[in-house]
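[1] I'll drop the sequence and a predicted model, then ask my questions.
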Amino acid sequence: MSEQLTQNNTEITDEQRTEWVRSQFQKANEYLATKGIIPDNVAVSESRYLPPFVAVWKLNTRDKKSFWVISGDLPTDHMPVSAAPDAREAIRAFALHWQLKAEQIAQAGFADKTQQDFANLLVSRAHGLYDLFDNEQLWQA
């Protein structure tokens, strides 16, 4: 599946792809650490990535909890694995979550340009994620 997600992206070398995947894995682990969650291992067969755009990792902790973590050319975020049965559904769940979060920011009436820019980024990336979720060719077994 991961290979299929990257087939359409032939513009990067295998070395660049490997480095991108490694850096996104580190980014996901560091992000969880900032939330007080220490990953123990990754469920490689259930994780998916589309360099240089998005990676969705299923990370397991020592205390037997599991999280979906998304990273790439978008905000890094996480959710419990119970929120989505697989990486495809996790992508959709992140997209919906980000649209709701952007709506909350808009309804809060923040005049802060940084908050408005963040809400716009969330909406933009949510639309892109949903397009990935909806693209059957990316998810063929």
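    Received, thanks.
[2] What's opposite residue 77 in the beta bridge?
    residue 70 (DSSP bridges).
[3] dump the residue contacts of it.
    Applying Cβ atoms under 8 Å, 6 or more residues apart in numbering to residue 77 gives the contacts 69, 70, 94, 97, 98. (Glycine included, C-beta is placed from N, CA and C.)
[4] out of those, which are buried?
    The neighbour count (16 or more other Cβ atoms under 10 Å) marks 69, 70, 94, 97, 98 as buried among those.
[5] would you list those in CSV and tack on pLDDT and distance to residue 19?
    Shown next, in CSV, are the buried ones among the contacts of residue 77 (pLDDT from 0 to 100; distance: Cβ to Cβ, whole Å):
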residue, pLDDT, distance to residue 19
69, 98, 19
70, 98, 19
94, 98, 24
97, 97, 29
98, 97, 27
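[6] Out of those, which comes closest to residue 125?
    Residue 125 has its nearest neighbour among the buried ones among the contacts of residue 77 in residue 98, at 6.4 Å by Cβ to Cβ.
[7] Surely the closest one is in contact with residue 120?
    No. Between residue 98 and residue 120 there is no contact under Cβ atoms under 8 Å: 11.1 Å.
[8] got any residues that touch both of the two?
    Going by Cβ under 8 Å, 6+ apart, no residue sits against residue 98 while also sitting against residue 120.
[9] Output the below-cut-off pLDDT ranges for this protein.
    Low-confidence segments of the chain, defined by pLDDT under 70, are located at 1-10, 110, 141.
[10] sec struct for the residue in the chain sticking out farthest from the centre, please.
    Distance from the C-alpha centroid of the chain peaks at residue 111, with 28.0 Å (Cα atoms, centre = their mean). Secondary structure, DSSP: H, G, I helix; E, B strand; the rest coil: residue 111 is coil.
[11] same question, residue 133
    Under three-state DSSP, the three-state class of residue 133 is helix.
[12] Quick check: buried residues in stretch 80-89?
    With burial defined by 16+ other Cβ under 10 Å, the residues of stretch 80-89 counted as buried are 81, 84, 87, 88.
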